[in-house]
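[1] Make a model of this:
(one chain, ligands or ions: 2)
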Amino acid sequence: MTLTPDEIRTLKGINEALSLEEVREIYLPLARLLNLYVDANQHRSATLDRFLGNRDRRPPFVIGIAGSVAVGKSTTARVLQALLNRWPQQRNVALVTTDGFLYPNATLEARDLMSRKGFPVSFDINRLIEFVSELKAGRPQLEVPLYSHLVYDVLQDRSQIVDQPDILVLEGLNVLQSGMDYPQNTHHVFVSDFIDFSIYVDAPIEQLNQWFIRRFMTLRDSVFSDPNSYFHKYADLSDDEAVATADRIWREINEVNLRQNILPTRERASLILSKGPEHAVDSISLRK
Ligand SMILES: Nc1ncnc2c1ncn2[C@@H]1O[C@H](COP(=O)(O)OP(=O)(O)O)[C@@H](O)[C@H]1O
Ligand SMILES: CC(C)(COP(=O)(O)O)[C@@H](O)C(=O)NCCC(=O)O
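    Ligands and ions are numbered 1, 2, ... in the order given. A predicted model of the protein is given here:
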């Protein structure tokens, strides 16, 4: 399948490091498969509507993207959003990341949870479940909180509006977690109950460690110098000190979370994308 020059520009804008060959070989066929699932789902909804004599708007098709910190969830989500838009049906594809549903730093600090950011206890899971449930019920103009990696906190003065999309890509390390992970969940449903198709992006742990450190070093060269950045304090570290700091954050927080809470959800996914060096997808497992 070919990409138009405009699409290539959009994809390169998402991530300079993205290989267009990889997009053609992996992500375009994946987007095509997802479109077939969306078509089948709409067909099923139309049948149900006829049976019920219902004329309500069809609920959005929800695609969940799970995986470790730094595996490339947000890049995958944005690439799929761009590619799902290219099909002739002109579907409106919204993208939401679950980090907006983290508790603000002030709450995490008060509960001594700053070193557990990204763990189930750090999310306002009830608010996230209410959002996906209202979305599926067809409610318009839903307000979604936004997280900033620059300020390392949920933004108090900005939010995102999700207004009855045809497809929602919901990206976050927690989208396949279940009730057992969330004793604070007062609902009897999980986020995954609202997901129509889920993708787990996987990679070996040593590889993830390298990608996390590499992303940290890139941020250090750019956003850490911004005085608004939470990481401004790291801007003056030597290269070796910066690598050691990133490695410590990875090992003490993100790797623990991966082993305890994220990796155990992998087998629940509809599809697993397994990556090797340089983010190249080396195998795909699809649940039949
Ligand atoms: N397909 C890809 N090709 C090349 N680099 C990628 C790809 N996906 C992610 N990356 C890089 O890997 C790092 C982590 O990606 P990101 O999408 O931020 O991960 P996550 O959302 O899972 O934390 C970033 O530095 C990003 O540029
Ligand atoms: C906010 C996050 C939980 C979200 O994960 P991501 O979107 O990067 O996959 C993560 O980036 C994070 O801040 N983890 C805590 C430890 C750290 O990396 O600083």
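
[2] State the number of residues packed around the residue of the stretch 151-288 of the chain found nearest ligand 2.
    Sorted by distance to ligand 2 under CB to the nearest ligand atom, the residues of the stretch 151-288 of the chain start with residue 253, at 4.1 Å. Bear in mind the C-beta positions are built from the backbone N, C-alpha and C, glycine included. If you count neighbours by other CB atoms under 10 Å, residue 253 ends up with 17.

[3] Kindly report the same for residue 77.
    Counted with other CB under 10 Å, residue 77 comes out at 23.

[4] Equivalent analysis for residue 265, please.
    There are 20 residues near residue 265, going by other CB under 10 Å.

[5] coming back round to it: tell me who's in contact with the residue of the stretch 151-288 of the chain closest to ligand 2.
    115, 116, 117, 118 (CB atoms under 8 Å, 6 or more residues apart in numbering).

[6] quick one: which two of those are the most distant?
    Pairwise distances across those peak at 10.2 Å for 115 and 118 (criterion: CB to CB).

[7] In terms of pLDDT, where does residue 183 sit?
    Residue 183 carries a pLDDT value of 76.

[8] In this protein, where's the longest strand?
    strand 153-162 (DSSP state E).

[9] ok, the residue nearest the centre of the chain to residue 104 distance?
    Nearest to the mean C-alpha position of the chain, by CA atoms, centre = their mean, lies residue 171 at 1.9 Å. To residue 104, residue 171 is 20 Å away according to CB to CB, to the nearest Å.

[10] Format the CA atom coordinates belonging to the helix or strand that residue 214 is a member of as PDB.
    Taking DSSP states H and E as the definition, residue 214 sits inside helix 205-221. Taking Å, rounded to 0.1, in the frame of the first residue of the first chain, the C-alpha atoms of helix 205-221 are listed here in PDB:
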ATOM      1  CA  ILE A 205      13.100  -5.400  29.400                       C
ATOM      2  CA  GLU A 206      16.700  -4.600  28.600                       C
ATOM      3  CA  GLN A 207      15.600  -2.900  25.400                       C
ATOM      4  CA  LEU A 208      12.900  -0.900  27.300                       C
ATOM      5  CA  ASN A 209      15.600   0.300  29.700                       C
ATOM      6  CA  GLN A 210      17.700   1.500  26.800                       C
ATOM      7  CA  TRP A 211      14.700   3.300  25.200                       C
ATOM      8  CA  PHE A 212      13.700   4.900  28.500                       C
ATOM      9  CA  ILE A 213      17.300   6.200  29.000                       C
ATOM     10  CA  ARG A 214      17.500   7.400  25.400                       C
ATOM     11  CA  ARG A 215      14.200   9.300  25.700                       C
ATOM     12  CA  PHE A 216      15.400  10.900  29.000                       C
ATOM     13  CA  MET A 217      18.600  12.000  27.300                       C
ATOM     14  CA  THR A 218      16.700  13.500  24.400                       C
ATOM     15  CA  LEU A 219      14.400  15.400  26.700                       C
ATOM     16  CA  ARG A 220      17.400  16.600  28.700                       C
ATOM     17  CA  ASP A 221      18.800  18.200  25.500                       C
END
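
[11] and it, what does it pack onto?
    Applying 3 or more CB pairs under 8 Å, 6 or more residues apart in numbering; DSSP states H and E, one finds that helix 205-221 contacts helix 239-249, helix 255-257.

[12] now the next helix or strand after the last one: how far from the chain's centre is it?
    For helix 255-257, the succeeding helix or strand toward the C-terminus, using DSSP H and E, is strand 271-275. In terms of CA atoms, centre = their mean, to the nearest Å, the centre of strand 271-275 is found 14 Å from the chain centre.

[13] Could you see whether ligand 1 lies near the next helix or strand after strand 271-275?
    Helices and strands here follow DSSP H and E; after strand 271-275, the next one along the chain is strand 281-286. No. Applying CB under 6 Å from any ligand atom, one finds strand 281-286 separated from ligand 1 by no less than 8.1 Å.
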